[in-house]
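Visitor: Sequence and predicted model, in that order:
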Amino acid sequence: MGEPFWITYEAGAAGPELTAGELRQIEAAFFEGPGGGRVFSGVKYGTGLVSLAGTTITHQALNFVIQGLTTTTGAYVGYEPQATKTLQAAHATLARVDRVWVEVQDHEVDASNQRRSIVVYAPGAPGGAAATVPTTAVLMAEINVPINNTLGATVTDKRTYYNPPPKIDRFNADGTWNEPAGCKWFKVRVQAGGGGGGGCLGVAGTAHGEGGGGGGGGYTEKIYPAGALGASVAVTVGAGGIGGTPSSSKGADGGASSVGGLTANGGIGGSQGTVGAGNTAASGGAGGTATGGDLNVSGSDGGQGRVLSGVSALHGWGGASYLGGSAQARTAIGAGNSGKQYGGGGSGAFVTTANQSGGPAADGVVIFEAHFR
């Protein structure tokens, strides 16, 4: 009969109830795996890097986890300090592939007469196959040794991790996402393009005018289990709207971004501005909406561009998005400012006598974050 981890002694027993194997099986509960006491073998992320300087092979200190030989062996958890090995001399006529790995030797299960972990450097057969990595081991690196050139050897990192970081795939344009092998779950972040700032038409005189700012693009995100969108899924990324032309046109609306059932709509472009003797206004574009996600966030509306009594202008700033800041409004005569990444709206133009364009908005983006544990 099993016992909880914290119960290590049984009444009347001379020592701990749990054997080394039982302790390993219990330790396996702290690692996510396919079940049955098995875990994912690997080194801790960022440890165990192998390098080569001349003929000196150095491996960094490493923490490791190695799954057992069977479903009942349990997990091996260990640490190896930094150490060095010496590269074997190159063969005169044949190339070679050497390997470096960390392994566990356990007499209980392999009759090795050892109870230890060890980092092994194993030269390959000249012109033949590399050494076979044992079952209870994690490959850390391969060393390619060219013909008759020991100092020309190069290292290829082969580490796998028991705690790998997420894999990030960012799409700045339309494409296809392929779910990576070993993925357990993933998060999709979908940002639409912002709306362009409104242009403004100048007239003779000293009056000021400004176009409206474009709205920020909508944003949505959702967490999926592995396989929920299939092995591959189409990705659409919305472009930012261009600014209104110098002659006085409205800014262009931002493009929508989408993945599967997630849709983020682009920000609306800011209205065109005019210069006049009285009070006039150019409305800012509305922020884009979003649907389908665990989180759906509308972009901020663009600021209104106004003329007060034909002299002082209120400035049409660009609306912010969830992933992009607000475009600063013009406070001096000139074209509108560009929207901030990702999905920020452009600001409106600020004019007196000369025509000016609105600011272009920032493009959207789609980001996949795949997790392996």
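Guide: Alright, I've got the coordinates.
Visitor: where exactly do the helices run in this protein?
Guide: 20-27, 107-110 (DSSP state H).
Visitor: mind putting those helices in TSV, mean neighbour count, distance to R306 and mean pLDDT included?
Guide: Bear in mind the C-beta positions are built from the backbone N, C-alpha and C, glycine included. Output for the helices of the chain, formatted as TSV (neighbours: other CB atoms under 10 Å; distance: least, CB to CB, whole Å; pLDDT from 0 to 100):
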stretch	mean neighbour count	distance to R306	mean pLDDT
helix 20-27	17	68	71
helix 107-110	14	80	79
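Visitor: Nearest to A332, out of these?
Guide: helix 20-27 (66.0 Å; CB to CB).
Visitor: just to revisit the earlier point, of the helices of the chain, which is nearest R170?
Guide: Nearest to R170, of these and by CB to CB, is helix 20-27 at 36.7 Å.
Visitor: who does the closest one touch, helix- and strand-wise?
Guide: strand 76-80 (3 or more CB pairs under 8 Å, 6 or more residues apart in numbering; DSSP states H and E).
Visitor: Could you check how far G287 is from Y219?
Guide: With distances taken as CB to CB, to the nearest Å, G287 is found 10 Å from Y219.
Visitor: Quickly list what's touching both of the two.
Guide: G299, S321 (CB atoms under 8 Å, 6 or more residues apart in numbering).
Visitor: just to revisit the earlier point, select, out of the helices of the chain, the one closest to G273.
Guide: With CB to CB as the criterion, G273 lies closest to helix 20-27 of the helices of the chain, at 68.1 Å.
Visitor: Using TSV, lay out the helices of the chain together with distance to T280.
Guide: Listed next are the helices of the chain as TSV, based on distance: least, CB to CB, whole Å:
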stretch	distance to T280
helix 20-27	73
helix 107-110	84
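Visitor: I'd like to know how far A181 sits from P164.
Guide: From A181 to P164 the distance is 12 Å (CB to CB).
Visitor: before we move on, what about P246?
Guide: On the measure of CB to CB, P246 and P164 end up 52 Å apart.
Visitor: do the same with T135
Guide: 21 Å.
Visitor: Run through the strands of the stretch 201-350 of the chain in chain order.
Guide: Taking DSSP state E, counting those that start in this stretch, the strands of the stretch 201-350 of the chain run over residues 209-210, 219-225, 232-236, 257-259, 262-264, 273-274, 280-282, 290-291, 295-297, 305-308, 312-314, 350-351.
Visitor: what's the angle from the longest one to strand 232-236?
Guide: Right, the one you point to is strand 219-225. Calculated by axes from the mean of the first three to the mean of the last three CA atoms, to 10 degrees, strand 219-225 forms an angle of 180 degrees with strand 232-236.
Visitor: Alright, I will stop here.
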